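S.K.: Dropping a prediction and its sequence here:
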Amino acid sequence: MHTENQQHSPPASSDQELVLSSLELDQLAAAKKRPIPRRPLRGFEKFLLWSLRIYVLFMIAVVLYQVLAGAR
Amino acid sequence: MGSGKRATTSLASPPDETIERQGTDTSGQETSLSTASAPKLTTDVVITHEDIDRAHDRERVFAARARRGIFSRLRLLWLLVGPGILVMLGENDGPSMLSYAATGSRYGVGFFIPFVVLTFVMAVIVQEMTVRLGSATHRGHAELIFDRFGPFWGWFSMIDLGIGNFLTLITEFIAIRAGLGFFGVPPWAAILGALAVLYLALVTHRYWTWERITLAAAAFNLVFVPVALLAHANWREVGHALTTWSPLPGGLTKDTLLIILADIGATVTPWMLFFQQSATVDKGLTKRDVRFGRIDTALGAALAATAAVATILATAPLFVHHMSAENFQAAEFAQALQPLIGRFGASLFALGIVEAGMVACITISTSSAYAFGEVARRPHSLNLPLREGKSFYLVLFLCAAAAGAIVLIPGLPLVYVVLVVNVIAVLAMPPALVFLFMLANDRKIMGDLVTPPLVNALATGVVIFLTLAGILFGISVIAPNLFAFIGGK
């Protein structure tokens, strides 16, 4: 477990060296803050996502039915 | 992530794997977007405690990989296994083990033995994609859906997962309470004990320690094997069932079909996808580790299938002795088995149910916390010190604590809750599977780890099969007479 003292002290140079030699650059926590660009969708993919939207409505209806039927 | 310290560092010798990630593939396309979003080689690099902890874990992997010999290979395997075993044994949760127990007592040794093995084979095919996604992108599943498909689907996945996980957590605490109830432990003590174990696994604030503690607990899932041995399983019948997929007592009735559909639909549940990918990232696996990630997943499936089959075998004597077990819950199963396998065997069974609930409680609440952190852009790692990962640990612990508290409410319709959980879990899978499939085929983020054509054909078949089973099960809920033509009740 890290101590308060450790949290406020800058990383030791040996730690920096270790991190930079052991981790890929996009494994660093800082790198993960940058979002990956949005995917441009093509014809079939658009169709698929619209189908999913319809499915989600179906799913919500089924779950609500289940909840209400059980509550009766 | 979290409040890291800025180390102005020039990266003179980046790891080989980083170099591999850059450049173009044979078709001249960009191989990775995530590399493009990483810090430049010669720029300021913000280093956090999370990075340092992960780097220590990776250093041990590099050291093991550098050595030759069987023991070094085994050590490397030991260092790299974890997410796959945890996700598979985590899926053998309280309700699942009770479902296997009910199957054994209702159908005996027959069709459901090979069927259960098949469901785990399908689970491996699906979960393997999360290993590749996590290793290639170093991003969690929720994060990738949010970034690649937009906030609507990102938040939808998160909320869908959150609700499903919370309700599932309730069923895990029901299992823990029932299992410990066999030993006379009062419900409040059972819930508090479970929360204490969850807290102990977290208190080290270190992914590696958390993973090893949880793995040790998960290994106890195999307690159902000695129970099956005590039940004197007929191995000849097991061999016959595995080769012929029979008998199926009563034939294919409407009820049996619904059980099969629900089981297929629940082969992979949303939390499994989110958990394994996020754990793969948190563990720090890279492209070079994918082979071991696959072994980890297959090993986990083999262990989980063994425990599942053992549970069916353990309760099969209830079928053979024509004992009705339709209404048995966790403790009642142990009590029903006691005349057949003795107090010791029955105690092991009850402990197995407690373990199943406990491990699932840990993994499922962790998957909720990972997903929340990924979508809300908050720090999310088991390597975070408490100060830096307040929201992560808070979500993780509060989800579990709230679910545990609900189980203590007197008169709660527990059977109803379990039913709703099953419906939500099965219905929530199609969107999760579609996104998983699209992401695993996304060359921009996967680079050369994009799903190969042959595996893609197999994965497509499994995804379509699982999706249709889920949808059919959903339809059967609102139209129970749909399958009436098949016969049965």
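M.R.: Right, received. Where do you want to start?
S.K.: Give the next helix or strand downstream of the helix or strand of chain A with the lowest mean pLDDT.
M.R.: For chain A, the helix or strand with the lowest mean confidence is helix A:4-8, at a mean of 44 (criterion: mean pLDDT, DSSP states H and E). Downstream of helix A:4-8, the next assigned helix or strand under DSSP states H and E is helix A:13-22.
S.K.: and that following helix, what does it pack onto?
M.R.: strand B:44-47, helix B:49-66 (3 or more CB pairs under 8 Å, 6 or more residues apart in numbering or on different chains; DSSP states H and E). Heads up, the C-betas are built off the backbone N, CA and C, glycines and all.
S.K.: gap between the longest one and the chain center?
M.R.: Going back to what we said before, that points to helix B:49-66. For helix B:49-66, the separation from the chain centroid amounts to 25 Å (computed by CA atoms, centre = their mean, to the nearest Å).
S.K.: Does chain A have contacts with the next helix-or-strand element following that helix?
M.R.: Where DSSP H and E defines the elements, the next helix or strand beyond helix B:49-66 is helix B:70-80. No - with CB under 8 Å from any CB of the partner chain as the criterion, chain A is not reached by helix B:70-80; the gap is at least 13.0 Å.
S.K.: What residues sit buried inside helix B:70-80?
M.R.: Along helix B:70-80, these residues count as buried under the neighbour rule (16 or more other CB atoms under 10 Å in any protein chain shown): B:R75, B:L76, B:L79, B:L80.
S.K.: from those, which is closest to chain A?
M.R.: Among the buried residues of helix B:70-80, B:L79 lies closest to chain A (CB to the nearest CB), at 13.0 Å.
S.K.: Please point out which parts of the longest helix along chain A sit buried.
M.R.: Assignment by DSSP state H gives helix A:43-71 as the longest helix of chain A. Neighbour counts using 16+ other CB under 10 Å place A:L49, A:L52, A:Y55, A:V56, A:M59, A:V62, A:V63, A:Q66 of helix A:43-71 among the buried residues.
S.K.: what subset of the residues you listed is also close to chain B?
M.R.: A:L49, A:L52, A:Y55, A:V56, A:M59, A:V62, A:V63, A:Q66.
S.K.: what's the helix or strand for the nearest residue to the fifth one once chain neighbours are set aside?
M.R.: The shortest distance from A:M59 to any residue other than its chain neighbours is 4.5 Å, reached at B:L427 (CB to CB, 6 or more residues apart in numbering or on different chains). Under DSSP H and E, the secondary-structure element containing B:L427 is helix B:414-440.
S.K.: Low-confidence stretches in the chain?
M.R.: Let's take chain A. Applying pLDDT under 70 to chain A picks out residues A:1-11.
S.K.: could you do chain B instead?
M.R.: Using pLDDT under 70, chain B drops low at B:1-44, B:265-266, B:321-331, B:415, B:478, B:482-489.
S.K.: Strands of that one, residue ranges please.
M.R.: B:5-8, B:44-47 (DSSP state E).
S.K.: Just the buried residues of the last one, please?
M.R.: Which is strand B:44-47. Those would be B:V45, B:V46, B:I47, for strand B:44-47 by 16+ other CB under 10 Å.
S.K.: tally of neighbours for the closest residue to B:V87 other than its chain neighbours?
M.R.: Take B:V87 and drop its neighbours on the chain: the residue closest to it by CB to CB, 6+ apart is B:Q276, 4.4 Å away. Burial of B:Q276 is recorded as 32 neighbouring residues (other CB atoms under 10 Å in any protein chain shown).
S.K.: Could you list which residues are in contact with B:Q276?
M.R.: By CB atoms under 8 Å, 6 or more residues apart in numbering or on different chains, the contact set of B:Q276 is B:P83, B:G84, B:L86, B:V87, B:Q127, B:T130, B:V131, B:G134, B:T297.
S.K.: pretty sure the third one is touching B:A218, no?
M.R.: Yes - B:L86 lies in contact with B:A218 (CB atoms under 8 Å); the separation is 6.0 Å.
S.K.: what touches both of those two?
M.R.: Joint contacts of B:L86 and B:A218 (CB under 8 Å, 6+ apart) are B:V359.
S.K.: is the longest helix along chain B anywhere near chain A?
M.R.: Identified as the longest helix of chain B according to DSSP H is helix B:330-375. No - against chain A, helix B:330-375 shows no contacts by CB under 8 Å from any CB, the least distance being 8.9 Å.
S.K.: hmm, back to that, format the contacts of B:Q276 as a markdown table; extra columns: distance to B:R443 and neighbour count.
M.R.: What follows is those, written out as a markdown table (distance: CB to CB, whole Å; neighbours: other CB atoms under 10 Å in any protein chain shown):
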| residue | distance to B:R443 | neighbour count |
| --- | --- | --- |
| B:P83 | 24 | 29 |
| B:G84 | 24 | 28 |
| B:L86 | 29 | 26 |
| B:V87 | 26 | 32 |
| B:Q127 | 21 | 29 |
| B:T130 | 17 | 30 |
| B:V131 | 17 | 27 |
| B:G134 | 17 | 28 |
| B:T297 | 23 | 27 |
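S.K.: Find the pair from the residues you listed with maximum spatial separation.
M.R.: Greatest spatial distance among the contacts of B:Q276 (CB to CB): B:L86 and B:G134, at 13.5 Å.
S.K.: list residues touching both of the two?
M.R.: B:Q276, B:A279.
S.K.: residues in contact with B:G154?
M.R.: Taking CB under 8 Å, 6+ apart, we find B:G154 in contact with B:A142, B:I145, B:F146, B:D147, B:V375.
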